[in-house]
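*Asks:* Provided below are the primary sequence and the corresponding predicted coordinates.
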Amino acid sequence: MLIATWNVNSLKARLERVTQWVNENQPDVLCMQETKMKDAVFPALTFAEMGYESAHFGQGQWNGVAIISKVGLTDVVTNFAEPIAPDHEARIISATCNGVKVVSVYVPNGRSLEDDHYKYKLEWMKKLKQHADAIAKPSGRLVIGGDFNIAPTDDDVWDVTKFEGATHVSAPEREAFADLCAWGLTDVFRQLHPEPKVFSWWDYRNGSFHKGEGMRIDFLLATKSLLGEVEASGIDRNARKGEKPSDHVPVTITLKNISTKLKK
DNA sequence: ATGGTGGCTGGGCCA
């Protein structure tokens, strides 16, 4: 079972790149973020023709998250699960796909350490942990995929000295991420790939991709009970090349056994 | 270089 997460930075602008990547890689489940569209224009039919069910939680101009699956998609929850106070933006959607609880998240950026958006980000991370608790037990089969807008360690940033006083690397953000993991989640890519300076995002500006100036801020976090089934994890940096790329690339994990039963 | 690029939009915000 191949699960992927990808901040597509506008599904309208990225649809051709996304369908091409899906056709080539055939993920069983893909979490998307920043679809930047209303539910009414989400291209469900396009994905259906490719064999995928889909669920989208959009708001329009900004944010928007989705899950597409070809191994079943049930129990869809938009926004945080009850009784958590709902977010005023479309940043989280959950579903069950082939016995795995899958959550697609777009964690707030934070903007700057002084900004109210930064407090909102930290609060949002607390609520994400509550959400995990509401829909699964730490012993359960849960994967949270998404753009966390947090680089957990200095190894996840090209040059941390460029980030003094900035978001994404601050101690409170990293503590919030560590707290979420301490609930019972593992950053699967990091577990399998200890090497530093492997990134999932590069700024469009300044030729950042060409210069290797990126960050690893997109993750698939899995509960312990799934770790024994993990065969592989990857970051497809090729997706940052070519015409009209997103500034993020897909992150993937492969779980053994549990999808083949559904495929004829 | 107080810049740069890209995606909303339709001027300026957001990332």
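*Replies:* Looks like it arrived, so ask away.

*Asks:* Please count neighbours and contacts with C-alpha atoms only from this point.
*Replies:* Will do.

*Asks:* show me what contacts residue A:210?
*Replies:* Listed by C-alpha atoms under 8 Å, 6 or more residues apart in numbering, residue A:210 has no contact partners.

*Asks:* Which SSE is immediately downstream of the helix or strand containing it?
*Replies:* Assigned by DSSP states H and E, residue A:210 belongs to helix A:208-211. Next helix or strand after helix A:208-211 toward the C-terminus (DSSP H and E): strand A:214-215.

*Asks:* Note down every partner strand of the following helix or strand past that following strand and its orientation.
*Replies:* Downstream of strand A:214-215, the first helix or strand assigned by DSSP H and E is strand A:218-223. Strand pairing for strand A:218-223, using DSSP bridges, gives strand A:142-147 (antiparallel), strand A:185-187 (antiparallel).

*Asks:* quick one: contacts of the longest one?
*Replies:* For strand A:142-147, the surrounding residues in contact (C-alpha under 8 Å, 6+ apart) are A:4-7, A:31-33, A:100-107, A:136, A:217-223, A:226.

*Asks:* picking up where we left off before, and the helix holding residue A:210, which residues are buried?
*Replies:* Neighbour-count burial for helix A:208-211, counted by 16 or more other C-alpha atoms under 10 Å, picks out residue A:209.

*Asks:* Buried among the contacts of strand A:142-147? Need that as a selection in ChimeraX.
*Replies:* In ChimeraX, a selection of the buried entries from the contacts of strand A:142-147 looks like this (16+ other C-alpha under 10 Å):
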select /A:4,5,6,7,31,32,33,100,101,102,103,104,105,106,107,136,217,218,219,220,221,222,223,226
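
*Asks:* Now go through the contacts of strand A:142-147 and say which are in strands.
*Replies:* A:4-7, A:31-33, A:100-106, A:218-223 (DSSP state E).

*Asks:* now the strands paired with strand A:218-223 in a markdown table, with distance to residue A:96?
*Replies:* As requested, the strands paired with strand A:218-223 are arranged in a markdown table below (distance: least, C-alpha to C-alpha, whole Å):
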| stretch | distance to residue A:96 |
| --- | --- |
| strand A:142-147 | 9 |
| strand A:185-187 | 17 |
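
*Asks:* Report the buried residues of the longest helix along chain A.
*Replies:* As assigned by DSSP state H, the longest helix anywhere in chain A is helix A:116-135. Going by neighbour count (16+ other C-alpha under 10 Å), the buried part of helix A:116-135 is A:118-122, A:124-125, A:127-132, A:135.

*Asks:* do the same with stretch A:56-74
*Replies:* Quick answer for stretch A:56-74 (16+ other C-alpha under 10 Å): A:56-60, A:62-74.

*Asks:* now, which of the residues you listed lie close to DNA strand B?
*Replies:* Among the buried residues of stretch A:56-74, proximity to DNA strand B is found for residue A:60 (C-alpha under 7 Å from any atom of the strand).

*Asks:* what about residue A:227, distance to DNA strand B?
*Replies:* 30 Å (C-alpha to the nearest atom of the strand, to the nearest Å).

*Asks:* actually residue A:2, not the one I typed
*Replies:* 26 Å.

*Asks:* again with residue A:41
*Replies:* The value you get for residue A:41 to DNA strand B, if C-alpha to the nearest atom of the strand is used, is 11 Å.

*Asks:* Counting neighbours, what do you get for that residue?
*Replies:* Neighbour count for residue A:41, taken as other C-alpha atoms under 10 Å: 10.

*Asks:* for stretch A:230-240, what is the average pLDDT?
*Replies:* When pLDDT is averaged over stretch A:230-240, the result is 98.

*Asks:* what residues does that stretch touch?
*Replies:* A:188-189, A:192, A:199-200, A:209, A:245-256.

*Asks:* what's the answer for stretch A:87-102, then?
*Replies:* Contacts for stretch A:87-102 (C-alpha under 8 Å, 6+ apart): A:29, A:33, A:56-59, A:63-67, A:69, A:71-80, A:103-107, A:135-136, A:141-145, A:258-259, A:262.
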